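> coords below, sequence missing:
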């Protein structure tokens, strides 16, 4: 990924004060679960050929419906989140059967994988809630870009959630069969928005969050616009379109464990991973970019959710340290969200921090990608 790797020097890295003293952990309590639906499912129609059994059949059906309603219990996640419950494999074997070489990015792209994927690592049970869509997690809205890791983390904390871990994101994407793509084993950039040609971003303008340049570069689609880009867990829009930032679970001192920030999924460009499992570990927490978004996760069954990452928990960070690095607090972000609900999240022209909080950095001339349009060279495997 020659061109993408050249982006690292221009981003602004947040300073992390190693000398900050630990304080009490800020743990956000999610709202109480909504009440369960008390209505019963409609009873099955009885066999009218035996009128004598009609009452018994209806009563039995109603009884079964009542039992099913009781067994289901209250929902395990808020309405705008999806439950993921299953086995995560720590290492998988995915054999490529057909590939092509992308000249523009100097990368070999696998077009067809052998089915099925084989788990060659350990299986770990995971149960968690994940946002249905990228932030702001609303169907029809554009995924919000240009947040650095700490800013995304504070935004998740402001609604009682946290950053997803890399394994949670991967599991939600690849499903129980550990598929390379949420939709299967054959790559299709029209299902999960990808393979757009490189468009030469003006790095100085991106660093300054220039609205016109961000609008020119936008090649994304809106939340929920990709009906075939859905995993077997029911989570849409994971690989392709915008890249997602997640939290690192590698605790070692090697290159994979250096930063808390991990990029997952791959953006809309041609010749990038756009798969569930591969990750990028080389961007620090201060990195922000025009195709980088995020979504939040939370503990299941409305258990309290610690907004800190695994690395921050291990290092005994207080959450106000994260707020200092983000340059805004949970309470300030809550205030912006209330203003946004009323359509009143307004900022001065040069106030980029305010625009980051309001999600209004993208210029008004941005145009969404056409999923059905041909992508040119490399659109299909040669």
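Thanks, I have the structure now. Not measured: the values here are computed from a predicted model. Numbers count the residues shown, from 1 in each chain.

> any low-confidence regions in the chain?
Applying pLDDT under 70 to the chain picks out residues 1-73, 376-382.

> secondary structure class for residue 361?
Three-state assignment for residue 361 (DSSP: H, G, I helix; E, B strand; the rest coil): coil.

> what's near enough to touch it?
Taking CB atoms under 8 Å, 6 or more residues apart in numbering as the contact definition, residue 361 lies against 145-146, 209, 211, 214, 352, 355. C-betas here are computed from N, CA, C, even on glycine.

> distance of residue 339 from residue 359?
Using CB to CB, to the nearest Å, residue 339 is found at 11 Å from residue 359.

> can you pull out the strands in this structure?
Per DSSP state E, the chain carries strands over the ranges 81-89, 92-93, 96-102, 107-113, 118-119, 123-131, 162-163, 243-247, 261-264, 279-280, 292-293, 296-299.

> so what secondary structure elements neighbour the last one?
This points to strand 296-299. Here strand 296-299 touches strand 123-131, helix 149-157, strand 162-163, going by 3 or more CB pairs under 8 Å, 6 or more residues apart in numbering; DSSP states H and E.

> run the last query once more with 6 Å
Packed against strand 296-299 by the contact rule (3 or more CB pairs under 6 Å, 6 or more residues apart in numbering; DSSP states H and E) you find strand 123-131.

> what do you get for the fourth one?
Using 3+ CB pairs under 6 Å, 6+ apart as the contact definition, the elements that strand 107-113 packs against are strand 96-102.

> who's more crowded, residue 339 and residue 359?
When neighbours are counted by other CB atoms under 10 Å, residue 359 comes out ahead of the other of residue 339 and residue 359, with 21 against 14.

> what's the distance between that one and residue 249?
With distances taken as CB to CB, residue 359 is found 28 Å from residue 249.

> which ones are touching the nearest residue to residue 152 once chain neighbours are set aside?
Nearest residue to residue 152 in three dimensions, chain neighbours excluded: residue 294, at 4.2 Å (CB to CB, 6 or more residues apart in numbering). When contacts are counted by CB atoms under 6 Å, 6 or more residues apart in numbering, residue 294 is found next to 135, 152, 244-245.

> need those residues in JSON lines (columns: neighbour count and distance to residue 363).
Conversion of the contacts of residue 294 to JSON lines gives the following (neighbours: other CB atoms under 10 Å; distance: CB to CB, whole Å):
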{"residue": "135", "neighbour count": "23", "distance to residue 363": "19"}
{"residue": "152", "neighbour count": "26", "distance to residue 363": "21"}
{"residue": "244", "neighbour count": "27", "distance to residue 363": "22"}
{"residue": "245", "neighbour count": "30", "distance to residue 363": "22"}
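
> for the nearest residue to residue 156 once chain neighbours are set aside, list each beta-bridge partner.
Nearest non-adjacent residue to residue 156, counting by CB to CB, 6+ apart: residue 296, 3.9 Å away. Beta-bridge partners recorded for residue 296 (DSSP bridges): residue 163.

> surely residue 296 touches residue 161?
Yes - between residue 296 and residue 161 there is a contact under CB atoms under 6 Å: 3.8 Å.

> common neighbours of these two, please.
With CB under 6 Å, 6+ apart, residue 296 and residue 161 have no common neighbours.

> returning to what we had before: so who does the residue nearest to residue 156 touch?
For residue 296, the contacting residues are 131, 156, 161, by CB under 6 Å, 6+ apart.

> with distance to residue 288 and neighbour count added, can I get these in JSON lines?
Listed next are the contacts of residue 296 as JSON lines, based on distance: CB to CB, whole Å; neighbours: other CB atoms under 10 Å:
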{"residue": "131", "distance to residue 288": "19", "neighbour count": "25"}
{"residue": "156", "distance to residue 288": "16", "neighbour count": "25"}
{"residue": "161", "distance to residue 288": "20", "neighbour count": "26"}
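
> which one of those is nearest to residue 182?
residue 131 (15.3 Å; CB to CB).

> identify the residue nearest residue 96 in space, chain neighbours excluded?
Counting by CB to CB, 6+ apart, residue 96 lies nearest to residue 110, which is 4.0 Å off, once chain neighbours are set aside.

> separation between that neighbour and residue 92?
The spacing between residue 110 and residue 92, counted by CB to CB, is 14 Å.
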